[in-house]
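> 3D, please:
(chains A, B, C and D)
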Protein chains: 2
Amino acid sequence: MTKEEIFEKKPLIKLNNKIFTCPTSAAMELIGGKWKSVILSHLMGEKKRYNELRKETPMISERTLSIQLKQLESDGLIKRKAYTKKPPLRVEYCLTPFGETLVPLLKTIINWGVEAAQEKGEFIIE
Amino acid sequence: MTKEEIFEKKPLIKLNNKIFTCPTSAAMELIGGKWKSVILSHLMGEKKRYNELRKETPMISERTLSIQLKQLESDGLIKRKAYTKKPPLRVEYCLTPFGETLVPLLKTIINWGVEAAQEKGEFIIE
DNA sequence: CGGTATCCTCATAGATACTG
DNA sequence: CAGTATCTATGAGGATACCG
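Modelled structure (predicted):
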């Protein structure tokens, strides 16, 4: 189906075995939730090791980071690559080509987040 | 603080009395969750009565729709206007100027949702 | 018409400890 | 190093009934 047909006919969308009635809710299934877009934004343009991600997202618990990474991987947005089989392990995460299609959206989110903070929030210099 | 300074100094962001370490998570505080962006996308460009919104988002329960509308209102993204005081009530919702700043982001989400559905999902014609 | 109130379930997320 | 296991807490969301 072409984009034009989709906007015109508004079909139901089946994704991850769930039914969505609009593209917005289908998108939120993949990148919604509290942390997914945060993790994805850290992988924009560069691969990261697990520990790098962990240090850059200190407010995400280890367990949650692990679960979200698995979901992002099974949704085809990121790729996990293990370089070693025995400890010390070396695992890197990066965006898949499908995940790369998110980059403009992620940038838009970041930019709007800055504007929202300027409008409604305050900044705290550490 | 200017955008450039924010990107450079990465300050903490205080919003709704919570602390965020990046603009992405601050943005998700306001438009994340399962339904907020869906509701906002239905208000793009036009005001809607409560019942119109309800019919256009049949998968959102009444209770949830009500709660989300209140949150969006208290976050300054939408405006509620009551035209009558006694039943039959007439209430309309529309984006505030701050909410309007979300339109480009909402359009990007919708577009990416369509692409994701084309890539990973399937369409069901009713 | 435009909601609330009540009660409920389940997914999401956190803390801490442990492991190949 | 890169995770799991376990246990717990929170809150998002649903069903149904009711209200001004």
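> residues contacting the residue in chain A that DNA strand C sits nearest to?
In chain A, the residue that lies nearest DNA strand C is A:Lys34 (2.8 Å; CB to the nearest atom of the strand). Quick note: C-beta positions are derived from backbone N, CA and C, even for glycine. If you count contacts by CB atoms under 8 Å, 6 or more residues apart in numbering or on different chains, A:Lys34 has them with B:25, B:28, B:32.
> please apply the same query to A:Leu65.
Applying CB under 8 Å, 6+ apart as the definition, the contact partners of A:Leu65 turn out to be A:35, A:39, A:53-54, A:57.
> that older thread, and the residue of chain A closest to DNA strand C, that's in a helix?
No: secondary structure assignment (DSSP: H, G, I helix; E, B strand; the rest coil) places A:Lys34 in coil, not in a helix.
> circling back: max pairwise distance over the contacts of A:Leu65: which two?
Between all members of these, the longest pairwise span (CB to CB) is found for A:Trp35 and A:Arg54 and amounts to 12.3 Å.
> settle it for me: which of the two has more neighbours?
Ranked by neighbour count (other CB atoms under 10 Å in any protein chain shown), A:Trp35 and A:Arg54 place A:Trp35 first, with 23 against 15.
> quick one: that one and chain B, what's the gap?
Applying CB to the nearest CB, to the nearest Å, the value for A:Trp35 to chain B is 8 Å.
> pretty sure that residue contacts A:Leu69?
No: A:Trp35 lies out of contact with A:Leu69 (CB atoms under 8 Å); the separation is 9.8 Å.
> phi, psi of A:Phe123?
phi -110, psi 140 (degrees, to the nearest 10).
> how many residues are close by it?
What A:Phe123 shows, counting by other CB under 10 Å, is a neighbour count of 15.
> same check, this time on A:Arg90
Using other CB under 10 Å as the criterion, A:Arg90 is surrounded by 13 other residues.
> give me the spatial nearest neighbour of it, chain neighbours excluded.
Leaving aside its chain neighbours, A:Arg90 sits nearest to A:Tyr83 (4.1 Å; criterion: CB to CB, 6 or more residues apart in numbering or on different chains).
> so what's the residue nearest to A:Phe7 when sequence neighbours are not counted up against?
Leaving out its chain neighbours, the residue that sits closest to A:Phe7 by CB to CB, 6+ apart is B:Val114, at 7.6 Å. Residues in contact with B:Val114, defined by CB under 8 Å, 6+ apart, are A:3, A:6-7, A:23.
> just the buried residues from these, in ChimeraX please.
Applied in ChimeraX, the following selects the buried portion of the contacts of B:Val114 according to 16 or more other CB atoms under 10 Å in any protein chain shown:
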select /A:6,23
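> which element is the residue nearest to A:Phe7 on?
Assigned by DSSP states H and E, B:Val114 belongs to helix B:103-120.
> equivalent analysis for A:Arg63, please.
Secondary structure here is read from DSSP H and E; on that basis A:Arg63 sits in helix A:62-74.
> just the C-alphas of the following helix or strand past that helix, formatted as PDB.
Stepping forward along the backbone from helix A:62-74, the first helix or strand reached (DSSP H and E) is strand A:78-82. These are the backbone C-alpha positions of strand A:78-82, laid out as PDB (Å, rounded to 0.1, in the frame of the first residue of the first chain):
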ATOM      1  CA  ILE A  78      18.900  -2.000  17.000                       C
ATOM      2  CA  LYS A  79      21.500  -4.700  16.400                       C
ATOM      3  CA  ARG A  80      23.500  -6.500  19.100                       C
ATOM      4  CA  LYS A  81      26.900  -7.800  18.200                       C
ATOM      5  CA  ALA A  82      29.100  -9.900  20.500                       C
END
